[in-house]
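1. 3D model of this:
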Amino acid sequence: MFHSSKLVDMGMWFIKKWKKSLCLKQLGMSDSGRANQTFLYGLSQIPCFSMFKHILLLSSFQDKYVPFESARIEVRPKVIQDVGKGQVYQEMANSLLEGCQADLHRLDVGFVMAKKGINSMIGRTAHIYFLENQALYRVLIFRYTQFFI
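-> The predicted structure is shown next:
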C-alpha cells in the first residue's frame with residue numbers, strides 16, 4: 001500500500017509473514033494475487049454510504065499506519081500513476097463515493113503528543129489516539145452534534 005513510512009511497511013511485512021494473519025493480508029490488499037479480487041476491493045463495491053445522512057472521515061498526517069488519503073477516501077496523483085494498483089485504488093475510491101448523498105466531511109486531526117519515542121516516530125501514537133482519545137470524541141460530539149442525533 002502507499003504508506004508514508006517504510007518502517008511501518010517493513011514491520012507489517014514481517015508481522016504478516018510471522019503471524020500469517022488473514023486480517024492483515026486483507027487490510028494490506030495482499031490476500032489475492034490480483035488487487036481487484038481482494039477482500040477490501042469487494043467491500044468497496046458495496047454501496048454502503050447511501051445508508052447514512054452524515055459521514056465524517058478523520059485523518060492525520062501523524063498516523064503512519066493508515067495512509068492520509070486512504071482515511072479521507074482520496075487518491076493522490078502518485079498513486080494513480082502506479083501501474084500495479086493505481087487504477088484499482090481509483091476504482092475503489094470512486095465506488096465508495098458513487099451515489100453518496102450524505103453530508104460528507106473530511107477532518108484533518110493534529111495531536112499534541114506529550115511523549116516522544118519509537119511509537120511517535122513510527123506513527124503508532126496518532127493511530128491509537130484516534131481510538132482512545134476521549135477529548136477528541138468530546139470535541140467531535142459537541143462540534144458535530146447534528147451527526148449524532
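2. name the nearest residue to the most centrally placed residue in the chain, sequence neighbours excluded.
-> For the chain, the residue nearest the mean C-alpha position is Ala71 (3.3 Å; C-alpha atoms, centre = their mean). Nearest residue to Ala71, sequence neighbours excluded (C-beta to C-beta, 6 or more residues apart in numbering): Ser59, at 3.8 Å. In this view, the C-beta of every residue, glycine as well, is placed from N, C-alpha and C.
3. could you tell me how many residues sit around that neighbour?
-> Neighbourhood size, Ser59 [other C-beta atoms under 10 Å]: 20.
4. tell me which residues in stretch 87-98 are buried?
-> Val88, Tyr89, Glu91, Met92, Ala93, Ser95, Leu96 (16 or more other C-beta atoms under 10 Å).
5. now tell me what touches that stretch from outside.
-> For stretch 87-98, contacts defined as C-beta atoms under 8 Å, 6 or more residues apart in numbering pick out 2, 35-36, 40-41, 44-45, 47, 49, 73-75, 79-80, 82, 104.
6. so which of these comes closest to Gly110?
-> Taking C-beta to C-beta as the measure, Glu74 is the one of these closest to Gly110, at 17.9 Å.
7. what about that closest one, helix or strand, and which?
-> Following DSSP states H and E, there is no helix or strand that holds Glu74.
8. try Leu104
-> Going by DSSP H and E, Leu104 is part of strand 103-108.
9. elements contacting the next helix or strand after that strand?
-> Sequence-wise, the next helix or strand downstream of strand 103-108 (DSSP H and E) is helix 118-121. Contacts defined by 3 or more C-beta pairs under 8 Å, 6 or more residues apart in numbering; DSSP states H and E place helix 118-121 against helix 124-132.
10. in terms of secondary structure, what does the helix it packs on contact?
-> So helix 124-132, by 3+ C-beta pairs under 8 Å, 6+ apart, packs with helix 118-121.
11. can you pull out the residues in contact with the helix it packs on?
-> Leu7, Met113, Thr125, Ala126, Ile128.
12. out of the residues you listed, who's the most crowded?
-> Greatest neighbour count in the contacts of helix 118-121, by other C-beta under 10 Å, goes to Ala126: 22 neighbours.
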